[in-house]
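> Just a sequence and a predicted model for now, questions to come.
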Amino acid sequence: MKLKECAALFVASRCEGDPETEIQGLAADNRKVRPGDLFICIRGYQFDGHEFAADAVERGAAALVTEQKLALDIPQLIVKDTRYAMSVIAAHFYGYPSSELKVIGVTGTNGKTTITYLMERILEDQGKKLGLMGTIQTKIGGEVFESKNTTLESLDLQRNLRKMRDSGAEYAVMEVSSHALELGRVKGCDFKTAIFTNLTQDHLDFHETMENYRDAKSLFFSRLGNTFTPDVNRRKVAVLNADDPASKVFARVTSAQVITYGIDQEADVRATNIRITHQGTMFQVESFAGHASITLKLIGKFSVYNALAAIAAGLAEGFALEDIQTSLEKVSGVNGRFEAVMEGQPFLVVVDYAHTPDSLENVLATIKDFAKGNIISVFGCGGDRDRTKRPVMGEIAAKYSDYVFVTSDNPRTEDPSLILADIEPGVVRGGLSPEQYSMIVDRKEAIEAAIEMASHEDVVLIAGKGHETYQEVNGIRTDFDDRIVAKHAIRRRFH
Ligand SMILES: CC(=O)N[C@H]1[C@@H](OP(=O)(O)OP(=O)(O)OC[C@H]2O[C@@H](n3ccc(=O)[nH]c3=O)[C@H](O)[C@@H]2O)O[C@H](CO)[C@@H](O)[C@@H]1O[C@H](C)C(=O)N[C@@H](C)C(=O)N[C@H](CCC(=O)O)C(=O)O
Ligand SMILES: Nc1ncnc2c1ncn2[C@@H]1O[C@H](COP(=O)(O)OP(=O)(O)OP(=O)(O)O)[C@@H](O)[C@H]1O
Ligand SMILES: N[C@H](CCC[C@H](N)C(=O)O)C(=O)O
Ligand SMILES: [Mg+2]
């Protein structure tokens, strides 16, 4: 690609230096620059990429994309907004891979990861090749990589979509975080289907208000575009949760076709007669494509919502309801989501990724429905993230639990004990007396104490970290896996 090709992508841009300059690759981080790269200077929350331009040039960058001319002897493309330019250039450089794929994106506060794995099962059973990107993993053509973010920066995202296409994928299934929408990471991505799960409190450190948070999600649906066509392969569809009020806003802003799913409100795909046990969830589904009685191995009312979203998206692809049902019934669970740790102990231990007020409440309400003994919860809240959710989660944990261990969950750069102190007033407000909760900074100790305390028919919930295999303290990650720690604690007590 030549620099002038990039310049042609923007209405208002200025090219300083040789427009014939050849671009071999793209980079937005000076430490990753390779000779011949175009270095894009992003003004971020922490750093200003323009300050790394000189180093990028030393590492062999062929040209820069900047917001103002820099005093460096190198061709520069000057644009109004480099973050926007990065998405556009990335899509162009990799040959618009999303338009050659059917991209199914999932947004919402909770349930994104789960739904992507349900979609993976449905698509694979239909004989479709797909790539997957989300919180836990990126899967491309049989290769699996651990993820750093739920939704990648546009450069990595477009590169992965290209790789997926080149590996023969017909579909790409991906999580779309509100950060990604707000920061334009998916601007160069042409989605076919946009799924919305729900909108509840999280990330207020970043979005500040729930309205802003909703507006960020809204971008997903307003940008979905409008292919009015009877061709099921090209049709754009918004799959919305009829029980969440935000869906009304998204339905208004999108020109794609809307399919709704829900339990409480009227919906195109609706579940009734829900029955939940600690082993599975049964429900009846009614839809424009027929009805079925489904038995999921996944637990909880929230799992019904996730299944309905996947059913609606599958029906939008033209798959038969019976086939979708068969696929969903096969799914035994998603890594770190309501995952039971069984080592022969006489009580249930569940590891779950609930790290928001709503998900914690859903998981605890589900447990409350079937628990015969006491509920003992272990949880914390992440550092450098939404502080306002801390007491709210404390209150929810207290409301549903007989005993709560407040502990650490990736304090990052914050003082762990201060995070615990932010949670404590909520626990007190939730009605627990000092004899009914403990504050233990060390998560391993907290888990061990919970396992030690549990007796016959109790349920121990270890929430917040799910699939994570690390604990981040002072910016340093060390190995930590709730499931392994719990297993060891059980073995120590019973064997
Ligand atoms: C708010 C946010 O998402 N910030 C992300 C964003 O930061 P930023 O664009 O402001 O960049 P910055 O770090 O200030 O740096 C500015 C520019 O200078 C460059 N730079 C920076 C340092 C350097 O030495 N050299 C250099 O070239 C950077 O590459 C960047 O281009 O881009 C950075 C580089 O890609 C990310 O590391 C950073 O993620 C932060 C650390 C993060 O933790 N983000 C989380 C909150 C996040 O994105 N989470 C969502 C949601 C998860 C969910 O659904 O719950 C996700 O999608 O994962
Ligand atoms: N539809 C849902 N509604 C409410 N809570 C849910 C739902 N689905 C899952 N949960 C809860 O949220 C937790 C996280 O689920 P999941 O990983 O699927 O969500 P996510 O949206 O991908 O989260 P993240 O924002 O971290 O990427 C689960 O462990 C469960 O406790
Ligand atoms: N994607 C979420 C994950 C939170 C998981 C929890 N364990 C924490 O570290 O807060 C975030 O980055 O806010
Ligand atoms: Mg996720």
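Arrived safely. Numbering: from 1, shown residues only. Ligands and ions are numbered 1, 2, ... in the order given.
> where's A365, which helix or strand?
helix 357-370 (DSSP states H and E).
> Quick one: mean pLDDT over the helix or strand that comes right after that helix.
Sequence-wise, the next helix or strand downstream of helix 357-370 (DSSP H and E) is strand 375-379. In this model, strand 375-379 has a mean pLDDT of 98.
> Outside of strand 375-379 itself, list whatever touches it.
Residues from elsewhere that reach strand 375-379 (C-beta atoms under 8 Å, 6 or more residues apart in numbering): 354, 360, 364, 367-368, 393, 397, 400-407, 409, 443, 446-447, 450, 453-454, 458-464. Every C-beta, even on glycine, is put in place using the N, C-alpha and C of the backbone.
> Please flag which of these sit within strands.
The strands, defined by DSSP state E, take in Y403, V404, F405, V406, V459, V460, L461, I462, A463 from those.
> Show me the two of those that sit farthest apart.
The most widely separated members of those, counting by C-beta to C-beta, are V406 and V459 (17.8 Å).
> Comparing the two, which residue is more hemmed in?
Neighbour totals were compared for V406 and V459, and V406 leads with 29 against 24 (other C-beta atoms under 10 Å).
> Against ligand 2, how distant is that one?
For V406, the distance to ligand 2 equals 18 Å [C-beta to the nearest ligand atom, to the nearest Å].
> The residue of the stretch 351-495 of the chain found nearest ligand 3: what secondary structure?
Across the stretch 351-495 of the chain, the shortest distance to ligand 3 (C-beta to the nearest ligand atom) belongs to G382, at 2.1 Å. Following DSSP: H, G, I helix; E, B strand; the rest coil, the label given to G382 is coil.
> That one and H355 touch, don't they?
Yes. Between G382 and H355 there is a contact under C-beta atoms under 8 Å: 6.7 Å.
> Overlap in contacts, those two.
Common contacts of G382 and H355 (C-beta under 8 Å, 6+ apart): D409, G464.
> per-residue pLDDT, the nearest residue to L118 once chain neighbours are set aside?
Nearest residue to L118 in three dimensions, chain neighbours excluded: A310, at 3.9 Å (C-beta to C-beta, 6 or more residues apart in numbering). We have a pLDDT of 98 for A310.
> is it true that A310 lies in a strand?
No. Counting by three-state DSSP, A310 is not found in a strand; it is helix.
> residues in contact with it?
If you count contacts by C-beta under 8 Å, 6+ apart, then A310 has I115, L118, M119, I122, I324, L328 around it.
> got the contact list for the fourth one?
Looking back up the chat, that one is I122. Contacts for I122 were tallied using C-beta under 8 Å, 6+ apart; they are A310, G314, F319, D323, I324, S327, L328.
> Phi and psi next, for it.
phi -60, psi -50 (degrees, to the nearest 10).
> For it, which non-adjacent residue is spatially closest?
Leaving aside its sequence neighbours, I122 sits nearest to S327 (C-beta to C-beta, 6+ apart; 4.4 Å).
> Please name the residues that touch that neighbour.
L118, R121, I122, D125, G314.
> secondary structure element for it?
Of the helices and strands defined by DSSP H and E, S327 is found in helix 321-330.
> ok now that helix, how far from the chain's centre?
Relative to its parent chain, helix 321-330 has a centroid offset of 24 Å by C-alpha atoms, centre = their mean, to the nearest Å.
> downstream neighbour of that helix in the secondary structure list?
Per DSSP H and E, the first helix or strand lying C-terminal to helix 321-330 is strand 339-340.
> Work out the sheet partners of that next one and label each with its direction, please.
The pairing partners recorded for strand 339-340 under DSSP bridges are strand 348-352 (antiparallel).
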